[in-house]
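Trainee: make a model of this:
(chains A and B)
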Amino acid sequence: MRDGDDERPESLLPLQPAAFHILVALAETDRHGYAIMQEVAERTSGTIRINPGTLYTTIRRLLDQGLLVELDERPDPSEDDERRRYYRLTPFGRAVARAEVARLERMTALARRAGIAPKRA
Amino acid sequence: MPETSRSSSPAAVRAYDALLRCYPKAFREEYGRHMRNDFRSQWRLERTRGAVPVARFAASVVADITVTAAREHLHMLNRDLHVAWRGLRKAPAFAIAAVATLALGIGATTAMFSIVYAVLLRPLPFREPARLVELVETQPGANIDAYAVSGPNFLSWRERAASYDAISAFWEDSYTLTEGGTAERVEGMRVSANLWETLGVRAIAGRVFDAGEDRPGREQVALIGEGLWRRRYAADPALVGRTVRLSGEPHTVVGIVPDEVGFTSGVDVWVPFAPDPRMPRGDRRLTVVGRLRDGVGVAQASAELDGIAAALGREFPKTNERYRARVRPITEMIVSRDVGNALKVLLAAVGLLLLVACANVANLVLTRATARAPELALRRALGASAARLTRQVLTESLVLAAIGGVAGIALAFAALQVARLTLADALPRVSALALDIPVLVFAIAVTLITGVAFGLIPAWRVLRADVVDALRPAGRVVSERSQARLRHAFVVGQFCLATMLVIGATLLAKSLARLVSVDVGFRADRVIVASISPSSDKYPDPDRAGAFYLRVADEVRALPGVTSVGLASTPPFGSFWSSMETGPTRPSAGLPESLRADWRIVTSDYFGALDVPLRRGRVFADADPESLRPIVLSESIVQRLWPAGADPIGQSVWLGNGQVRTVIGVVGDVHQRTLNAGRTPTMYLPTTWTWWPTMTLVVRTAGEPAQTMSSLREVVRRIDPAQAVFDVRTMSAQMRTTAAQSRLNAGLLGLFAALALALGAVGVAGTLADAVARRRAELALRMALGATGPRVVREVATRGLALCACGLALGLIGALWLGRGLAGLLFGVTAHDPVAFGGVACALMAVAALACWLPASRVTRIDPATALRGD
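Mentor: Here you go, the predicted structure:
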């Protein structure tokens, strides 16, 4: 459902926070929705929580934009053995996540020069 | 996991399931199950953490669903709109044609509705207007259902009737307002002091009249209308408390009141008045309004009033014997039944136009849907749900309707700017004409309904088509055949509606032509009328006023280009009428109503200035003494007075006011009141009897009257700058005003009919062109097999023409039915006028023939070889 394959990653920036967290959660491995929710909570020490509504409307948009793909459903034995649908980051999705990170770094550098962010450790 | 948690989970999950219904169906089908699973897992986890985290989680879930569900709906809408917009941009000719057609239909309907709303539907600016009524006298024997009321009758009613909280009377008057050296003629109303209480209207500044301010000695107060206050006094609040002179009399301004209380036209000043019980009971000139007591209906009040009138008839047989009374809603007083009917007919007509426009657009959409049928069928075969496709086809229709609606509202806005300037003569209450909220709501509703109406039919047709059939060329022929039937029905329907409108417009146009070419009985071109009303402080008696009038007349007569000048208490087509009974012998009881005639006071030159023909005897001479008691009659009253044909000259006539006069001459009848009311039997009285407080100059000029009109004002200013000249206009303009309503009816219906016909013709031509394009191969084959081009053209055109003829026939029947509504608006032509019906039928068939022949002739341009190879 992507609108044209020649789209540049920068054209989708800035990302919504929820979208960014989902992309990051999928960076290392494919996950199903609930695993993404848990991963985000864990990585942020519980400060960021994504509810199912935000999760799946964002996933729907990321699928439309070609940042994710759906995989076949399979049970997750660590949960309740219900069949769950897994998601995987596409190369384009990875490129977009990188571009967002670069954008955030540039912003941070700006702030650092202005003296309102801690110096790099 | 504790037992309680396991048993409470399903309840929470069920609640979550219910909340999931907030999402669009497609989204729910795709993700609902996963969301539910994830929720359940998270819920179990939170349960283990305690009550507070669970509550926090539940709250965040509800908030999350609210926000994301709304966003998802917007997203779907946005995507549908996007797809629709892209589709329309790919078919610009279709989109432009559809939008233009819709804009015309919606624009015309909206403009017409805003007129109807302003005049008929907008709530009256009174407290509980449904309880306000007008009380009128009636004369059942003469079939007159609404007479003005005499002062003493009003007083008797007020004394005896129990149905009202308050009853008030008023009558129109006009004054010369002098204040700060400039004189201005202003519209006035003399009213009972409690009128404001009756109507439930408050002053904008200051106060309204106090009870008792209409009693003699306390009347030197006035209220100023908002319009005059803003125009002349720049809305200065200090006007309250100041003294102004009205026709010479000083009045203290006690308040400013809103303009709209003037019922039909703006009233500038309001002066209190109480009828004198000693006034003649037969002098009927008051308008009486009342506020019904809570719970009293019009019928009940009417019955009571009629009983009182019957009793008064027995008590005062001389003046009241044949009179009864009734009560009618105040809306009927403000908007006459004729105007109401005309507006309803026009609204119905514009509704027909909108139907034609819808049929046209439905036709266009259908053509497009047919072309897209394989695409849509393919999408269905690939799994798109029927609901999804319907939604998309409908979205496209709604997008078209929305663009058409916006353009239509813009069109209506422009039309109303014109209407506000041109309709004031023809309709009451048009000053309030605007695209206000109810009108916009109406326009949006019309837009939505049209969008759904022309969108649903093709959507339904396309979806009903069998998927496999639609994809197979042979199947397409079947579905095309059923669609052709639908399109033929559209053509018939459009032609039927257009025929009805064109016949209606033709009848009204013919009626208007009759009306404006009426022989009014005098020569109306190059005549100026102008009224003067000398103030009573400087001209306290008729003699002094008369001298002023005569001096003005003399000086106007001396102006270059003026050929003759007369004076009359009211000219033909003037703003008021006065009538009186008369008889050939001393009346024993009352005189029959058939012997009632208009009367006016005129100078000797009046007949010459208007070119009213003298039939017998002579007109007044300046030297006639009043002791001669002369009177000049018009022919028709002479015929009624002396049906046997006796010579009227020298005969005596008895008048309703008790005078006996001698007939010295007979003149031709003229139209005194309106163009469509026929000529009026009239009695002319000389100025030697008396002068009227307002007299109208009737000035005939040799050349164009425009120059003389300004010099005329100059003359009056030179003689006495404190006196104003008013209602200065040409007689032709005055007559145009009386025909304004008919002109409006004919003009608007003509416009609607022309648009409907144009749309209908375009619809027929488009349908045929499309049919020719689709039958290319078949037609090519036939020509290849030997059929001549002209023969095929004739065949195609004839098929279209047959449809038009069907529509025409149905339209003629429809027009007969429509004629019932039109009958009341027609003058000099019947609603079933065979010439109009025949003429329209011929003209429309000619239009249809052209609309059919143009696309059919394209058949000859088909090259058989290419066409056959192409398919």
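
Trainee: packing partners of the helix or strand where B:Cys496 lies?
Mentor: Assigned by DSSP states H and E, B:Cys496 belongs to helix B:473-516. Judged by 3 or more CB pairs under 8 Å, 6 or more residues apart in numbering or on different chains; DSSP states H and E, helix B:473-516 is in contact with helix B:337-381, helix B:437-464, helix B:467-471, helix B:740-774, helix B:789-822, helix B:834-856. The way it works is simple: take the backbone N, C-alpha and C, and place the C-beta from them, glycine included.

Trainee: next secondary structure after it?
Mentor: Next along from helix B:473-516, by DSSP H and E: strand B:527-532.

Trainee: circling back to that earlier point, the helix holding B:Cys496 vs helix B:834-856, what angle?
Mentor: 150 degrees (axes from the mean of the first three to the mean of the last three CA atoms, to 10 degrees).

Trainee: centre of the chain versus helix B:473-516, how much separation?
Mentor: 26 Å (CA atoms, centre = their mean, to the nearest Å).

Trainee: could you do stretch B:209-219 as well?
Mentor: 39 Å.

Trainee: next: stretch B:269-285.
Mentor: How far stretch B:269-285 lies from its chain's middle: 33 Å, per CA atoms, centre = their mean.

Trainee: quick one: average pLDDT of that stretch?
Mentor: The average pLDDT within stretch B:269-285 is 83.

Trainee: next, the buried residues of the helix ranked longest in chain A.
Mentor: Looking across chain A with DSSP state H, the single longest helix is helix A:91-113. For helix A:91-113, burial by neighbour count (16 or more other CB atoms under 10 Å in any protein chain shown) applies to A:92-93, A:95-97, A:99-100.

Trainee: from the chain's centroid, how far away is that helix?
Mentor: Counting by CA atoms, centre = their mean, helix A:91-113 comes out at 13 Å from the chain centroid.

Trainee: elements contacting it?
Mentor: Going by 3+ CB pairs under 8 Å, 6+ apart, helix A:91-113 lies up against helix A:17-25.

Trainee: ok so, going back, could you dump the buried residues of helix A:91-113 into a markdown table and include pLDDT?
Mentor: Below are the buried residues of helix A:91-113 laid out as a markdown table (pLDDT from 0 to 100):
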| residue | pLDDT |
| --- | --- |
| A:Phe92 | 94 |
| A:Gly93 | 94 |
| A:Ala95 | 94 |
| A:Val96 | 95 |
| A:Ala97 | 94 |
| A:Ala99 | 94 |
| A:Glu100 | 95 |
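
Trainee: next one, pLDDT for the spatially most central residue of chain B please.
Mentor: Closest residue to the average C-alpha location of chain B: B:Leu343 at 4.4 Å, with CA atoms, centre = their mean. B:Leu343 carries a pLDDT value of 87.

Trainee: enumerate the residues of chain A near chain B.
Mentor: Within chain A, the residues that sit near chain B (CB under 8 Å from any CB of the partner chain) are A:32-34, A:37, A:49, A:51-57, A:59-61, A:79-80, A:82, A:84-85.

Trainee: mind giving me the ChimeraX command for buried ones among those residues?
Mentor: Here is the ChimeraX command that picks out the buried ones among those, judged by 16+ other CB under 10 Å:
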select /A:32,33,34,37,49,51,52,53,54,55,56,57,59,60,61,82,84,85
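
Trainee: so which of the residues of chain A next to chain B sit within strands?
Mentor: Residues of these located in strands (DSSP state E): A:32, A:84-85.

Trainee: of the residues you listed, which is the nearest to chain B?
Mentor: The shortest gap between chain B and any of those belongs to A:Arg85, at 5.9 Å (CB to the nearest CB).

Trainee: can you pull the contacts of that closest one?
Mentor: A:Arg85 sits next to A:32-33, A:70-73, B:34 when contact means CB atoms under 8 Å, 6 or more residues apart in numbering or on different chains.

Trainee: among these, which lie within helices?
Mentor: A:33, B:34.

Trainee: mark which of the contacts of A:Arg85 are buried, thanks.
Mentor: Buried among those (16+ other CB under 10 Å): A:32-33, B:34.

Trainee: now the residues you listed as JSON lines including pLDDT and distance to B:Ala756?
Mentor: Below are the buried ones among the contacts of A:Arg85 laid out as JSON lines (pLDDT from 0 to 100; distance: CB to CB, whole Å):
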{"residue": "A:His32", "pLDDT": "92", "distance to B:Ala756": "62"}
{"residue": "A:Gly33", "pLDDT": "92", "distance to B:Ala756": "58"}
{"residue": "B:His34", "pLDDT": "91", "distance to B:Ala756": "56"}
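
Trainee: make TSV from those residues and add distance to B:Thr662 to it.
Mentor: Formatted as TSV, these follow (distance: CB to CB, whole Å):
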residue	distance to B:Thr662
A:His32	116
A:Gly33	111
B:His34	109
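
Trainee: follow-up on the earlier one: helices - which of the residues of chain A next to chain B land there?
Mentor: Among the residues of chain A next to chain B, the members falling in helices (DSSP H) are A:33-34, A:37, A:52-57, A:59-61.

Trainee: now those as TSV including distance to B:Arg861?
Mentor: Output for those, formatted as TSV (distance: CB to CB, whole Å):
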residue	distance to B:Arg861
A:Gly33	62
A:Tyr34	67
A:Met37	68
A:Pro52	63
A:Gly53	61
A:Thr54	62
A:Leu55	62
A:Tyr56	58
A:Thr57	56
A:Ile59	57
A:Arg60	52
A:Arg61	52
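
Trainee: which of these sit farthest apart?
Mentor: Greatest spacing in these, by CB to CB: A:Tyr34 and A:Arg61 (19.0 Å).

Trainee: which one of the ones in strands among the residues of chain A next to chain B sits closest to B:Phe413?
Mentor: Nearest member of those to B:Phe413, counting by CB to CB, is A:Arg85, at 53.4 Å.

Trainee: so what sits opposite that closest one in the bridge?
Mentor: Following DSSP bridges, A:Arg85 is listed with bridge partners A:Glu73.

Trainee: state the mean pLDDT of stretch B:724-733.
Mentor: Mean pLDDT, stretch B:724-733: 86.
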